[in-house]
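*Asks:* Sequence first, then the predicted structure, then my questions.
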Amino acid sequence: AIDAGRKSAGAALAAGRTIGISSGGVAEIFETNATDGTETIILNNRKGLVKLALRHGAAIVPCYLFGNTGALSVWYDPFGVMRAISRKFGFALILFWGRLGLPIPYRVPILGAVGVPIEVPKCEGEPTKEDIDAYHAKLLKGEAELFDDTK
(Lines give C-alpha, C1' and ligand atoms only; values in the text may rest on other atoms or scores of the structure.)
Protein backbone atom coordinates (compact mmCIF):
# COMPACT_ATOMS: atom_id res chain seq x y z
CA ALA A 1 0.00 0.00 0.00
CA ILE A 2 1.12 3.52 -0.76
CA ASP A 3 -0.35 6.89 0.06
CA ALA A 4 -2.58 8.53 -2.54
CA GLY A 5 -0.27 11.48 -2.98
CA ARG A 6 0.78 12.57 -6.46
CA LYS A 7 4.46 11.67 -5.93
CA SER A 8 3.83 8.18 -4.60
CA ALA A 9 1.21 7.36 -7.22
CA GLY A 10 3.39 8.75 -10.02
CA ALA A 11 6.40 6.75 -8.85
CA ALA A 12 4.34 3.56 -8.74
CA LEU A 13 3.00 4.11 -12.27
CA ALA A 14 6.48 4.98 -13.55
CA ALA A 15 7.69 1.66 -12.10
CA GLY A 16 5.04 -0.17 -14.14
CA ARG A 17 2.73 -0.91 -11.23
CA THR A 18 -1.05 -0.73 -11.31
CA ILE A 19 -2.62 1.42 -8.65
CA GLY A 20 -6.13 1.79 -7.33
CA ILE A 21 -7.37 5.12 -6.07
CA SER A 22 -10.68 5.19 -4.27
CA SER A 23 -12.83 8.26 -4.40
CA GLY A 24 -13.88 9.49 -1.05
CA GLY A 25 -12.56 11.68 1.62
CA VAL A 26 -13.71 14.41 3.87
CA ALA A 27 -16.12 15.91 1.32
CA GLU A 28 -17.92 12.63 0.57
CA ILE A 29 -18.25 11.64 4.21
CA PHE A 30 -20.27 14.74 4.96
CA GLU A 31 -22.37 14.50 1.77
CA THR A 32 -23.33 10.83 2.04
CA ASN A 33 -26.29 9.99 4.24
CA ALA A 34 -27.04 6.31 4.78
CA THR A 35 -30.32 7.00 6.60
CA ASP A 36 -32.03 8.33 3.48
CA GLY A 37 -30.06 6.20 1.01
CA THR A 38 -28.15 9.07 -0.58
CA GLU A 39 -24.71 8.13 -1.88
CA THR A 40 -22.34 10.75 -3.21
CA ILE A 41 -19.08 10.77 -5.13
CA ILE A 42 -17.46 14.15 -5.59
CA LEU A 43 -15.57 14.03 -8.89
CA ASN A 44 -16.76 17.07 -10.85
CA ASN A 45 -13.86 19.30 -9.81
CA ARG A 46 -11.33 16.58 -9.08
CA LYS A 47 -9.08 16.15 -12.07
CA GLY A 48 -5.79 15.11 -10.46
CA LEU A 49 -6.44 11.44 -11.25
CA VAL A 50 -6.88 12.29 -14.94
CA LYS A 51 -3.69 14.39 -14.99
CA LEU A 52 -1.80 11.50 -13.43
CA ALA A 53 -3.19 9.04 -15.99
CA LEU A 54 -2.25 11.36 -18.88
CA ARG A 55 1.28 11.87 -17.55
CA HIS A 56 1.86 8.10 -17.40
CA GLY A 57 -0.44 6.70 -20.09
CA ALA A 58 -2.37 4.70 -17.51
CA ALA A 59 -5.90 3.44 -18.09
CA ILE A 60 -8.64 4.64 -15.74
CA VAL A 61 -11.19 2.04 -14.64
CA PRO A 62 -14.44 3.33 -13.10
CA CYS A 63 -15.32 1.40 -9.91
CA TYR A 64 -17.97 1.68 -7.23
CA LEU A 65 -18.79 -0.10 -3.96
CA PHE A 66 -22.53 -0.45 -3.39
CA GLY A 67 -23.68 -0.90 0.21
CA ASN A 68 -20.62 0.71 1.73
CA THR A 69 -22.69 3.43 3.41
CA GLY A 70 -24.63 0.83 5.40
CA ALA A 71 -21.55 -0.77 6.97
CA LEU A 72 -21.36 1.73 9.84
CA SER A 73 -23.67 4.22 11.51
CA VAL A 74 -22.45 7.80 11.50
CA TRP A 75 -23.53 10.81 13.54
CA TYR A 76 -23.59 13.99 11.48
CA ASP A 77 -23.05 17.30 13.23
CA PRO A 78 -26.06 19.42 12.18
CA PHE A 79 -24.14 22.68 12.69
CA GLY A 80 -21.21 21.91 10.37
CA VAL A 81 -18.54 22.31 13.07
CA MET A 82 -17.09 18.83 12.51
CA ARG A 83 -17.07 19.38 8.74
CA ALA A 84 -15.16 22.67 9.11
CA ILE A 85 -12.59 21.14 11.46
CA SER A 86 -12.23 18.08 9.22
CA ARG A 87 -11.62 20.24 6.12
CA LYS A 88 -9.04 22.28 8.03
CA PHE A 89 -7.02 19.24 9.11
CA GLY A 90 -7.59 17.10 5.99
CA PHE A 91 -9.13 14.08 7.70
CA ALA A 92 -12.68 13.30 8.73
CA LEU A 93 -13.54 13.96 12.33
CA ILE A 94 -16.66 11.81 12.68
CA LEU A 95 -18.38 9.67 15.27
CA PHE A 96 -19.21 6.22 13.94
CA TRP A 97 -20.23 2.83 15.30
CA GLY A 98 -21.31 -0.59 14.13
CA ARG A 99 -22.42 -3.80 15.78
CA LEU A 100 -22.81 -3.61 19.56
CA GLY A 101 -21.88 0.09 19.42
CA LEU A 102 -18.31 -0.85 18.48
CA PRO A 103 -16.35 0.01 15.33
CA ILE A 104 -17.25 -3.41 13.91
CA PRO A 105 -19.11 -3.07 10.59
CA TYR A 106 -22.68 -4.31 10.32
CA ARG A 107 -23.19 -7.40 8.22
CA VAL A 108 -24.44 -5.83 5.03
CA PRO A 109 -23.92 -6.98 1.45
CA ILE A 110 -21.31 -4.91 -0.36
CA LEU A 111 -21.09 -5.20 -4.13
CA GLY A 112 -17.98 -4.07 -5.95
CA ALA A 113 -18.69 -3.01 -9.53
CA VAL A 114 -15.99 -2.49 -12.15
CA GLY A 115 -16.64 -0.55 -15.34
CA VAL A 116 -15.10 -0.48 -18.78
CA PRO A 117 -11.46 0.71 -18.76
CA ILE A 118 -10.82 4.11 -20.30
CA GLU A 119 -7.59 3.95 -22.27
CA VAL A 120 -5.54 7.11 -21.75
CA PRO A 121 -2.55 7.99 -23.97
CA LYS A 122 0.72 9.19 -22.46
CA CYS A 123 1.20 12.91 -23.08
CA GLU A 124 4.39 14.47 -24.27
CA GLY A 125 5.08 17.10 -21.63
CA GLU A 126 2.30 18.36 -19.41
CA PRO A 127 -1.31 17.44 -20.26
CA THR A 128 -3.35 20.21 -21.84
CA LYS A 129 -6.53 21.55 -20.24
CA GLU A 130 -8.47 20.22 -23.23
CA ASP A 131 -7.08 16.69 -22.78
CA ILE A 132 -7.71 16.78 -19.04
CA ASP A 133 -11.29 17.95 -19.55
CA ALA A 134 -11.96 15.37 -22.30
CA TYR A 135 -10.76 12.38 -20.26
CA HIS A 136 -12.37 13.73 -17.09
CA ALA A 137 -15.70 13.82 -18.98
CA LYS A 138 -15.15 10.18 -20.02
CA LEU A 139 -14.48 9.26 -16.38
CA LEU A 140 -17.64 11.00 -15.18
CA LYS A 141 -19.68 9.29 -17.92
CA GLY A 142 -18.13 5.91 -17.09
CA GLU A 143 -18.88 6.28 -13.36
CA ALA A 144 -22.48 7.35 -14.06
CA GLU A 145 -23.08 4.48 -16.48
CA LEU A 146 -21.56 1.97 -14.06
CA PHE A 147 -23.71 3.25 -11.20
CA ASP A 148 -26.92 3.36 -13.25
CA ASP A 149 -26.36 -0.05 -14.86
CA THR A 150 -25.52 -1.78 -11.57
CA LYS A 151 -27.86 -0.19 -8.98
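*Replies:* Nice, I can see it.
*Asks:* list the contacts for the most centrally placed residue in the chain?
*Replies:* Centroid-nearest residue in the chain: residue 23, 0.4 Å away (criterion: Cα atoms, centre = their mean). Contact analysis of residue 23 by Cβ atoms under 8 Å, 6 or more residues apart in numbering lists 41, 42, 43, 46. Quick note: C-beta positions are derived from backbone N, CA and C, even for glycine.
*Asks:* If you tally nearby residues, what's the number for the spatially closest residue to residue 94 that is not a sequence neighbour?
*Replies:* The shortest distance from residue 94 to any non-neighbouring residue, by Cβ to Cβ, 6 or more residues apart in numbering, is to residue 74 (5.7 Å). Residues near residue 74, counting by other Cβ atoms under 10 Å, number 16.
*Asks:* Can you verify my assumption that residue 74 contacts residue 92?
*Replies:* No. Contact criterion Cβ atoms under 8 Å: residue 74 and residue 92 do not qualify, at 9.4 Å.
*Asks:* shared neighbours, these two?
*Replies:* Common neighbours of residue 74 and residue 92 (Cβ under 8 Å, 6+ apart) are residue 29.
*Asks:* if we can go back for a sec, using the three-state scheme, assign the residue nearest to residue 94.
*Replies:* Secondary structure, DSSP: H, G, I helix; E, B strand; the rest coil: residue 74 is strand.
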